[in-house]
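Enquirer: Provided below for reference: sequence and predicted model.
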Amino acid sequence: MSTTDTTDTTAKTTETGHRSLLVKQGNAGARAVKNRIAIGVLTAAMAIAVVPLLLIIWEVTRRGIGAVHWDFFTTDEPSYRQEGGYRAGFVGTAYVMGGAILLSVPLGLATAVYVVEYGRETRAGRRLSDLIRFFTDVMTGIPSIFVGLFVYGFLVSSTGGLGQGFNAFAGSVAIAIIMLPIVARSSEEMLKLVPDEWRNASYALGASKSRTVLTTVLPAAAPGLATGSMLAVARGAGETAPLIMTILGSQYLVSSYFEGAQGAVPLQIYRGARQQFEAGIERAWGGALSLFLLVLILVVLARWLGSKANKLK
């Protein structure tokens, strides 16, 4: 063997006799071409997926920006062809979402705490935790109109139900049912990210189980818990079908929470878009833009808080 062959062989192998990573294999060129093709296909797919979103944002902004002004948030929708606002809808949405948050977030967090912290201690607890996970997954996929029908039959209807009539509380219950599985499942995943070493350190200092959960686990997972809750609020704020069955809708401001049909922005958008009058259609676009901005703010805040939660990983 010549000196050149010996040098080439040495360059292609490491000191342990393995092939050097600096040496290209015979099919390296073909693999590089396939890699570029795959990157191109994935980039094109991403662009195709983003284009409809950009078109929706452009169309909603273009047609709704003219209707969004101060009077739009401070005046009620008129009953005839003239300019007006969605004050009743914004106040009603605040009523409904406020009640839904109070109903769903604490219950969802409590469910996640039980599943992660207490449910795995006994065999019966593990079975119950699996059952809870199953039902939360099922509830996530239930169409929202079914939730509205259930609340209508249970709270609103006087035939077989409690007969409370249309009101903001019934709407809050319907939206809370939709938000609950999202809060529970997202909170469960965030609590799992807290290292067990932190729990053991708290136990070693003499803290009880409940004190460890309250002072160690929940504060550590707080950014992620807030992220899941905000995403659930963003989902519930845009629901329309359950509100048709529970609050009915009103174009005038209603201050009562438990009595009388209540307004909501999604309902006013739905009814305004069906009108033949330009003023009503323009208000519907303005309401859609306002609701879109609200959801966008919540999602951005959720992502920002989620970036803090990633530090637990």
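Expert: All right, it came through fine.
Enquirer: least confident secondary structure element in this protein?
Expert: helix 3-12 (a mean of 50; mean pLDDT, DSSP states H and E).
Enquirer: number of residues surrounding residue 175?
Expert: 33 (other Cβ atoms under 10 Å). Placement of C-beta: from N, CA and C, glycine included.
Enquirer: can you start the count at 597 instead of 1 from here on
Expert: Got it, first residue is 597 now, which makes that one residue 771.
Enquirer: that one - nearest residue in space that isn't next to it in sequence?
Expert: Closest residue to residue 771 apart from its sequence neighbours, by Cβ to Cβ, 6 or more residues apart in numbering: residue 696 at 3.9 Å.
Enquirer: chain center to the stretch of helix or strand that neighbour belongs to: distance?
Expert: According to DSSP states H and E, residue 696 maps onto helix 683-709. From the chain centre to the centre of helix 683-709 is a distance of 13 Å (Cα atoms, centre = their mean, to the nearest Å).
Enquirer: what's the first helix or strand after that helix?
Expert: Next along from helix 683-709, by DSSP H and E: helix 719-736.
Enquirer: same question for the helix or strand just after that next one, mean pLDDT?
Expert: Heading C-terminal from helix 719-736, the first helix or strand you meet, by DSSP H and E, is helix 740-747. The average of the pLDDT scores along helix 740-747 is 94.
Enquirer: ok, and the most centrally placed residue in the chain, which helix or strand is that part of?
Expert: Residue closest to the average C-alpha location in the chain (Cα atoms, centre = their mean): residue 827, at 2.6 Å. According to DSSP H and E, residue 827 maps onto helix 814-833.
Enquirer: kindly report the same for residue 679.
Expert: Short version: residue 679 belongs to no helix or strand, going by DSSP H and E.
Enquirer: would you check that it makes contact with residue 874?
Expert: No. Assessed by Cβ atoms under 8 Å, residue 679 is found out of contact with residue 874, at 10.3 Å.
Enquirer: more crowded one of these two?
Expert: Each of residue 679 and residue 874 has its neighbours counted (other Cβ under 10 Å); residue 679 has more, 14 against 9.
Enquirer: grab the nearest non-local neighbour of the more buried one.
Expert: Excluding the flanking residues, the one nearest residue 679 by Cβ to Cβ, 6+ apart is residue 875, at 5.9 Å.
Enquirer: ok so that neighbour is a helix residue?
Expert: Yes. Judged by DSSP: H, G, I helix; E, B strand; the rest coil, residue 875 forms part of a helix.
Enquirer: for it, grab the count of nearby residues.
Expert: Applying other Cβ under 10 Å, I find that residue 875 has 17 neighbouring residues.
Enquirer: and residue 858, backbone torsions?
Expert: phi -120, psi 150 (degrees, to the nearest 10).
Enquirer: who's it bridged to?
Expert: Beta-bridge partners recorded for residue 858 (DSSP bridges): residue 844.
Enquirer: quick one, strands of the stretch 747-896 of the chain?
Expert: Using DSSP state E, counting those that start in this stretch, the stretch 747-896 of the chain contains no strands.
Enquirer: in it, which ranges drop under the pLDDT threshold?
Expert: Within the stretch 747-896 of the chain, no stretch has pLDDT under 70.
Enquirer: how about the spatially closest residue to residue 766 that is not a sequence neighbour, what does it touch?
Expert: The shortest distance from residue 766 to any non-neighbouring residue, by Cβ to Cβ, 6+ apart, is to residue 842 (4.0 Å). By Cβ atoms under 8 Å, 6 or more residues apart in numbering, the contact set of residue 842 is 744, 747-748, 751-752, 762-763, 766-767, 769-770.
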